[in-house]
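**Student:** Fold the following for me, if possible:
(chains A and B)
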Number of protein chains: 2
Amino acid sequence: MQRYKIRVAYDGTGFCGFQKQQNSPTIQGALEGALFDLDAKEVQVVGASRTDAGVHAWGQMAHFDLLQPRDPMSVQRAMNARLPKEIRVLNIETAASDFHARFDAKKKTYTYTLSTSELQSPFHRLHSLHFPHPLDLLLMEKASNVLEGTRDFTQFANTTTEKNRPPSNSRTLYNVFFKVEKEFLVFSFTGNGFLYNMVRNLVGALLEVGQKKLSFEDFKALLSPEIRPRCYTTMPPQALCLKEILY
Amino acid sequence: MQRYKIRVAYDGTGFCGFQKQQNSPTIQGALEGALFDLDAKEVQVVGASRTDAGVHAWGQMAHFDLLQPRDPMSVQRAMNARLPKEIRVLNIETAASDFHARFDAKKKTYTYTLSTSELQSPFHRLHSLHFPHPLDLLLMEKASNVLEGTRDFTQFANTTTEKNRPPSNSRTLYNVFFKVEKEFLVFSFTGNGFLYNMVRNLVGALLEVGQKKLSFEDFKALLSPEIRPRCYTTMPPQALCLKEILY
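**Tutor:** All right, here's what the predicted structure looks like:
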């Protein structure tokens, strides 16, 4: 048996998220389909992050085992030949048999991209959110700075099923920033892990601050485990991209 | 009556080209649909170029008349509110009543984008052609240079219906070049007009030269009205973009 570690990029537009579902196109389903006849048995692909429907990835990581070891490059070529063009295996290497794509991940980086021009380019509609409203970037920077560190992010998590609920809502954010790139405002979040919808909620709250609909003090009050009335929106998925995972 | 001149950008992926068709989504159909209830009668939109199915535009131009004159900005806002996000009216201005988007066009620029990296990014699959093969760029430059000037491009035209056939196959190309931009090779063609599929055929022939499947002499021989056996491919549409039209 040989374990493989892959880096995968995908345009999530037409997929119902990473996690396999009956009768719906998913990234995991496509990856397993691409490995279908490469081994004696069905191959199970374990992804590092369960990205939602419509969310993209440039650096999703996953692992899988082949009973019959093969040259990594030939596995990558076979997968890319079988996969739809929306999904590409960017890199492959062999891994120790106890390597786990999800549990061994140390740092993940997500980006969230706003298209801030008055008219959104038709070529970016699937990978950014049109947000042509004025924003106080200094206030937003002040708010984003308080996110760094280890905190309870309960108030930034959407409810999830009992089965998927993590044992703790404490997470460490190492780096939070945003930058203007041409007509885009790109948020970047690097942390040791993220709760369900946490990035989309953090962006939602930061945008409330930037529009002066939420004060800096009320934003800071979200960093406690005590649940208060929701004062921000969960932002839509198509602007979210899983950029990188470090081990 | 007031005539308006608009600049339109679109992602042509989901459309059957510019020209209106029964029961198929087209750019012209969408533009006319967006104007439907703005005037007392149905509005006809005249485009400068009939781009093919799957071809994109950043600078398509068109004109139309409103019996009841309106403020151009409010017409633009109304159109963008009604149009699908794949199509944006980038600019609008009033025009003289004898302005004609097609007949008055002096120069058009098309680009054709190859993605030359070994793996094509999933985010560029709809706007570039994956072409990871070695190319002799010096030979291609030599070939592209002989295209500039006024010539008969009969051998670079695909056959079209009698109705759409132009009176002459002579066209002037003012500027032909290609440049490397990150992992892309972008061809640019500026001319006073283009025959049916001419850009896609020119790129096809230049790529034959670059792959040394077609000699420079045989390439030059294509610049005569005499039809010879076809020695190149019409390249696929999704990498073609109508960049700009000058009047």
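
**Student:** Which residue comes closest to residue A:31 once chain neighbours are left out?
**Tutor:** Once flanking residues are discounted, residue A:31 sits nearest to residue A:45: 4.5 Å by Cβ to Cβ, 6 or more residues apart in numbering or on different chains. (Glycine included, C-beta is placed from N, CA and C.)

**Student:** for the one you found, what are its contacts?
**Tutor:** Residues near residue A:45 by Cβ atoms under 8 Å, 6 or more residues apart in numbering or on different chains: A:28, A:31-32, A:35, A:62-64.

**Student:** Distance check, it against chain B.
**Tutor:** 17 Å (Cβ to the nearest Cβ, to the nearest Å).

**Student:** got it, and residue A:210?
**Tutor:** 23 Å.

**Student:** How about the contacts made by that residue?
**Tutor:** Counted by Cβ under 8 Å, 6+ apart, residue A:210 has contacts A:135-137, A:139-140.

**Student:** Narrow the contacts of residue A:45 to those in strands?
**Tutor:** A:62-64 (DSSP state E).

**Student:** Turn those into CSV, including pLDDT and distance to residue A:165.
**Tutor:** As requested, the ones in strands among the contacts of residue A:45 are arranged in CSV below (pLDDT from 0 to 100; distance: Cβ to Cβ, whole Å):
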residue, pLDDT, distance to residue A:165
A:62, 98, 23
A:63, 98, 24
A:64, 98, 26
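
**Student:** Among these, which ones lie close to chain B?
**Tutor:** When contact is defined as Cβ under 8 Å from any Cβ of the partner chain, the ones in strands among the contacts of residue A:45 do not meet chain B at all.

**Student:** of those, closest to chain B?
**Tutor:** Each of the ones in strands among the contacts of residue A:45 was scored against chain B by Cβ to the nearest Cβ, and residue A:62 proved nearest at 15.3 Å.

**Student:** What's the separation between the nearest residue to that closest one once chain neighbours are set aside and residue A:57?
**Tutor:** Excluding its sequence neighbours, the residue lying closest to residue A:62 (Cβ to Cβ, 6+ apart) is residue A:47, at 4.5 Å. Distance of residue A:47 to residue A:57, computed by Cβ to Cβ, to the nearest Å: 9 Å.

**Student:** Which neighbours do the two have in common?
**Tutor:** residue A:27.

**Student:** And these two? Which one has more around it.
**Tutor:** The residue with more neighbours, out of residue A:47 and residue A:57, is residue A:57; 28 against 25, by other Cβ atoms under 10 Å in any protein chain shown.

**Student:** ok but that one is inside a helix, no?
**Tutor:** No - looking at residue A:57 with DSSP: H, G, I helix; E, B strand; the rest coil, it is strand, so not inside a helix.

**Student:** Spell out which parts of chain A neighbour chain B.
**Tutor:** A:9-11, A:56, A:80, A:85-88, A:90, A:119-123, A:125, A:127, A:130.

**Student:** isn't residue A:127 right next to residue A:57, touching?
**Tutor:** No - with contact defined as Cβ atoms under 8 Å, residue A:127 does not count as touching residue A:57 (11.6 Å).

**Student:** Would you mind checking the average pLDDT for stretch A:7-25?
**Tutor:** Mean per-residue pLDDT for stretch A:7-25: 96.

**Student:** Mind listing residues that contact that stretch?
**Tutor:** With Cβ under 8 Å, 6+ apart, stretch A:7-25 has contacts from A:26-32, A:47, A:49-62, A:86-92, A:126-127, A:237-238, B:121-123, B:125.

**Student:** same check, this time on stretch A:116-126
**Tutor:** With contact meaning Cβ under 8 Å, 6+ apart, stretch A:116-126 is reached by A:11, A:13, A:115, A:128, A:130-132, A:135, A:180, A:183-185, A:238, B:9-11, B:56, B:80, B:85-88, B:90, B:127.

**Student:** Now do the longest helix along chain A: distance to the chain's middle.
**Tutor:** Scanning chain A for the helix with the most residues, using DSSP state H, yields helix A:198-210. Remark: helix A:198-210 is offset 15 Å from the chain centroid, using Cα atoms, centre = their mean, to the nearest Å.

**Student:** With stretch A:192-212 instead?
**Tutor:** Counting by Cα atoms, centre = their mean, stretch A:192-212 comes out at 13 Å from the chain centroid.

**Student:** What residues sit buried inside it?
**Tutor:** By 16 or more other Cβ atoms under 10 Å in any protein chain shown, the buried positions in stretch A:192-212 come out as A:193-210.

**Student:** And stretch A:147-158, by the same measure?
**Tutor:** Residues A:147-148, A:151-157 are the ones in stretch A:147-158 that count as buried (16+ other Cβ under 10 Å).
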